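In: what shape does this take:
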Amino acid sequence: MTLERENIALKEVYSDLLVEYGAKDPRIVIVEADLMRSGSTDKFQKAFPDKTFDVGIAESNMMCVAAGLSLMGKIPFTHTFAVFASRRCCDQINQSVAYAGCNVKMCGSDPGITTELNGGTHMSMDDIGILRGIPTMTVFEPVDSCQLKALFPQILALETPAYTRLFRPNAYKIFSEETDFQLGKGVVLREGTDVTLIASGIMVFEALKAAELLAQEGIGAEVINIHTIKPLDTELILASAAKTGCVVTAEAGRSLVCRHEGERRSLCLYQ
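Out: I've put the predicted structure just below:
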């Protein structure tokens, strides 16, 4: 398998999309917690200084400010490291955003171990689990820039809160610009009959590599990219599980293995 890395980081693509759609929609604003250079959202600040709010290193307050802006008819986009975007802000997201019915778009960057040299305090192994448990929340993790570009307007069109998870290293180019995506619908990247490998984000490339290694052992692995973790494409997952009898999930931080034993199949789905 030969895949090339993209020459632009996902955070740069995300920032460019904010600028592009910010020029079209006056409701779009950003609320930051002193990480604009790290997240490349300083591009938006330069383009629209009057639509940029930096609350300083106060992530929980950032979510309350974003909720207030939403109630005033704006569409606020927030950004910080995934560990702070979820665990530190959980109460404010649940109460001030989701419970209050606010349309806030959240971005958590550097999830799992992709925060690298920032150390263990900045590594989020539980941000997906925390945020997918909040009612009305959409959780999205793109695998490359094509997927991010295609689904960004769908995220924007939602009138409910959404969380986008962006990893730090430059992505491997998995999809072409012409690929069509739909929120909540997974993508089968490789057909197989012996095991289902489900992955999102940075782990999609690793799942494809694993499928190649398994093929050398005579094992046919089906690889599914679940880019939308909530709402989950349970129909596709259950159909694949029924076919292969064994499911392995791969996320940047943890995995789940479900095996087929005799006539019994067990699969844990988190919604």
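
In: around Lys243, how many other residues sit close by?
Out: Other residues within reach of Lys243, judged by other CB atoms under 10 Å, total 13. Any C-beta I mention is one placed from the backbone N, CA and C, and that applies to glycine too.

In: now do the SS call for the residue nearest to it when sequence neighbours are not counted.
Out: Nearest residue to Lys243, sequence neighbours excluded (CB to CB, 6 or more residues apart in numbering): Thr193, at 6.2 Å. Secondary structure for Thr193, judged by DSSP: H, G, I helix; E, B strand; the rest coil, is coil.

In: can you pull out the strands in the protein?
Out: Assigned by DSSP state E, the chain shows strands spanning 28-32, 52-54, 75-81, 105-109, 138-140, 162-166, 187-190, 195-199, 221-225, 228-230, 247-250, 255-258, 260-261, 264-265.

In: JSON lines please, covering those strands and showing distance to Val65, mean pLDDT and mean neighbour count.
Out: Below are the strands of the chain laid out as JSON lines (distance: least, CB to CB, whole Å; pLDDT from 0 to 100; neighbours: other CB atoms under 10 Å):
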{"stretch": "strand 28-32", "distance to Val65": "5", "mean pLDDT": "97", "mean neighbour count": "24"}
{"stretch": "strand 52-54", "distance to Val65": "6", "mean pLDDT": "95", "mean neighbour count": "17"}
{"stretch": "strand 75-81", "distance to Val65": "8", "mean pLDDT": "95", "mean neighbour count": "26"}
{"stretch": "strand 105-109", "distance to Val65": "13", "mean pLDDT": "94", "mean neighbour count": "26"}
{"stretch": "strand 138-140", "distance to Val65": "21", "mean pLDDT": "96", "mean neighbour count": "25"}
{"stretch": "strand 162-166", "distance to Val65": "17", "mean pLDDT": "95", "mean neighbour count": "26"}
{"stretch": "strand 187-190", "distance to Val65": "36", "mean pLDDT": "97", "mean neighbour count": "17"}
{"stretch": "strand 195-199", "distance to Val65": "34", "mean pLDDT": "97", "mean neighbour count": "26"}
{"stretch": "strand 221-225", "distance to Val65": "34", "mean pLDDT": "98", "mean neighbour count": "24"}
{"stretch": "strand 228-230", "distance to Val65": "25", "mean pLDDT": "96", "mean neighbour count": "23"}
{"stretch": "strand 247-250", "distance to Val65": "35", "mean pLDDT": "92", "mean neighbour count": "22"}
{"stretch": "strand 255-258", "distance to Val65": "36", "mean pLDDT": "44", "mean neighbour count": "13"}
{"stretch": "strand 260-261", "distance to Val65": "49", "mean pLDDT": "46", "mean neighbour count": "12"}
{"stretch": "strand 264-265", "distance to Val65": "47", "mean pLDDT": "39", "mean neighbour count": "12"}
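
In: no further queries at this time; thank you.
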